[in-house]
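# give me a 3D structure for the following:
(chains A and B)
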Amino acid sequence: MLPSSFEYVAPTSVDEAVQALATGGGDAKIMAGGQSLLPMMKLRLASPSLIVDINNIAGLDTLEESDGMLRIGALVRHGELERSELIRDRYPIILDAAQHIADPLIRNRGTFCGSVAHGDPAGDWATVATALGAELHAVGPNGAVVHSAADFQTSMFETKLGADQILVEARIPMPKPGQGSAYKKIERKVGDYAAAAVGVSIVLDGTTITEASIGLTNVGPLTIHAAAAAASLIGKSIDDAEAIEQAGVLAAAASDPVSDLRGPADYKRDLVRVLTKRALRTAGTRAQGKEA
Amino acid sequence: MSGKMAITTTVNGEEHEVLVEPRMLLVNMIRESLHETGTHIGCDTSSCGACTVLLDGRPVKSCTILAVQANGREITTVEGLETADGLHPVQEGFKEEHGLQCGYCTPGMMMTSVALLAENPDPSEDDIRKAISGNLCRCTGYVNIVKAVQYAAKKQQGVTA
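Here you go, the predicted structure:
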């Protein structure tokens, strides 16, 4: 299957890429890993007139901590996150998610930023970015723009990223003392999207939860920021089973799944409840410096 | 530029200059422009891994990469595995352990296995099964494929030890 014909440019700087995008008149698409875009083009679900391939832009493969932030450049592939010692040591939620995105071959090509910019509610990274309070740094014709991950998606496959903007980097605050995080996903088989998945990040003072953030994957038209569920945990003990159950119930209430081949809506809603509890327990164990 | 573009790509160590339409897929260029038909088109939807090749050393699905994106890059296909010394240990493993029946998935399966062993010379069965989880085989049940990779790992370690 071939995509429709398109023009192709492969600029070597972000500025050139922004200029190229402008010539596309809103119909151009950025290609990083292309693991979502190209299948959509082959199925003719997308037919951009111009592809701006950013794979030849040096410096977009940054994966490092600086100035209090983890920086994930637009060309950092899922597989690099999966293999990174920095991620393994300090960002367990990212490792959790990276290991179960698509399959190992796709993970060698697809990118973190591309997944977030794609705006698919089934995308795992938008949930992780939401749970970790990521900043999304874009560049457009008027310079740099920073979006917040938590409200980045506006509808299915739509985000606040302007058609003339390129998402160049995600920045995630470095872990605080007492912070723990986890991502729990149920998928039917390797390569499928989640039936449901939950990402959580908490900060503990002793056993008391002082900060919490919860994101939900593929259980609604958007990546869901389960703010009420997270707020219900503040001041509670991580060992308080009732509080954890209550957060699960509130997260499930925030979800809005549809029945499909991955299961009926009621089942998915209950998955959210259970996965939220599991993710909170794992994050709590990690926050306390234990293996999980 | 939806007309043809000239790209230079290295396939199995040999540099090629190829004219490609931007929408041409890497797998089509390998099979139709370079006439290397060992790389198979299976599902053509990024699901099965039959089209797996190494792009700068990493296994990827060549049905989900544009041929123009191979410009300046290095590709290895199944044809690049055999040397003057004979079959690659992974090829030998698939032969010795009967790691194939119809053979359709085999080139992709082998490219993924070659990349696994380059990174992890002594993989556990679990490591092997995870590594090939993006390559589908509808004949073997995977048991002999796992054995084939284990055979190749032993053989490679024996050679280098």
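# just the pLDDT for B:T160.
The model reports B:T160 with a pLDDT of 58.
# nearest residue to the residue in chain B that chain A sits nearest to other than its sequence neighbours?
Chain A sits closest to B:G134 of chain B, with a gap of 2.9 Å, by CB to the nearest CB. From N, CA and C alone the C-beta is placed, and that goes for glycine too. Leaving aside its chain neighbours, B:G134 sits nearest to A:D103 (2.9 Å; criterion: CB to CB, 6 or more residues apart in numbering or on different chains).
# residues in contact with the most centrally placed residue in chain B?
Centroid check for chain B by CA atoms, centre = their mean gives B:M111 as the closest residue, at 3.0 Å. By CB atoms under 8 Å, 6 or more residues apart in numbering or on different chains, the contact set of B:M111 is B:T52, B:V53, B:L54, B:P59, B:T76, B:T77, B:V78.
# my read is the third one is in a helix, agree?
No. B:L54 is assigned strand when assessed by DSSP: H, G, I helix; E, B strand; the rest coil, not a helix.
# mind listing what it touches?
B:V60, B:E74, B:I75, B:T76, B:T77, B:M111, B:V114, B:A115.
# how about chain A: which residue is closest to chain B?
A:D103 (2.9 Å).
# that residue and A:E187 touch, don't they?
No. A:D103 lies out of contact with A:E187 (CB atoms under 8 Å); the separation is 10.8 Å.
# just want to know which of the two has more residues nearby.
A:D103 (25 against 18; other CB atoms under 10 Å in any protein chain shown).
# can you give the domain ranges for the chain?
The chain I'm using is chain A. Annotated domains of chain A cover A:7-53, A:64-173, A:179-287 [automatic domain parsing].
# oops, I was thinking of chain B
Taken from automatic domain parsing, chain B resolves into B:5-80, B:89-160.
# wait, which of these is closest to A:A212?
Closest approach to A:A212 among the domains of chain B is made by domain B:89-160 (31.7 Å; CB to CB).
# need the contact list for the residue nearest to B:G134.
A:D103 makes contact with A:V190, A:G191, B:G49, B:S133, B:G134 under the criterion CB under 8 Å, 6+ apart.
# the spatially closest residue to the first one that is not a sequence neighbour: neighbour count?
Excluding its sequence neighbours, the residue lying closest to A:V190 (CB to CB, 6+ apart) is B:S133, at 4.3 Å. Burial of B:S133, expressed as a neighbour count using other CB under 10 Å, amounts to 18.
# up against chain A, what does chain B have?
B:1-2, B:5, B:21-25, B:28, B:44-47, B:49, B:52, B:55, B:58-61, B:64-66, B:68-69, B:71-72, B:112, B:130-131, B:133-135 (CB under 8 Å from any CB of the partner chain).
# out of these, which are buried?
Buried by 16 or more other CB atoms under 10 Å in any protein chain shown: B:5, B:21-25, B:28, B:44, B:46-47, B:49, B:52, B:55, B:58-61, B:64-66, B:68-69, B:71, B:112, B:130-131, B:133-135, out of the residues of chain B next to chain A.
# correct me if wrong: A:A97 contacts A:W125.
Yes. If you go by CB under 8 Å, A:A97 and A:W125 touch, sitting 6.7 Å apart.
# ok, the strand ranked longest in chain A: who's next to it in the sheet?
When chain A is parsed with DSSP state E, its longest strand is strand A:194-205. Using DSSP bridges, the strands paired with strand A:194-205 in its sheet are strand A:179-187 (antiparallel), strand A:208-217 (antiparallel).
# quick check: buried residues in the longest one?
By 16+ other CB under 10 Å, the buried positions in strand A:208-217 come out as A:T208, A:I209, A:E211, A:A212, A:S213, A:I214, A:G215, A:L216, A:T217.
# swap in stretch A:178-197?
A:178-187, A:191, A:193-197.
# how much distance is there from the lengthiest helix in chain B to the middle of the chain?
In chain B, assigned by DSSP state H, the helix with the most residues is helix B:143-160. A distance of 17 Å separates the centroid of the chain from that of helix B:143-160, by CA atoms, centre = their mean, to the nearest Å.
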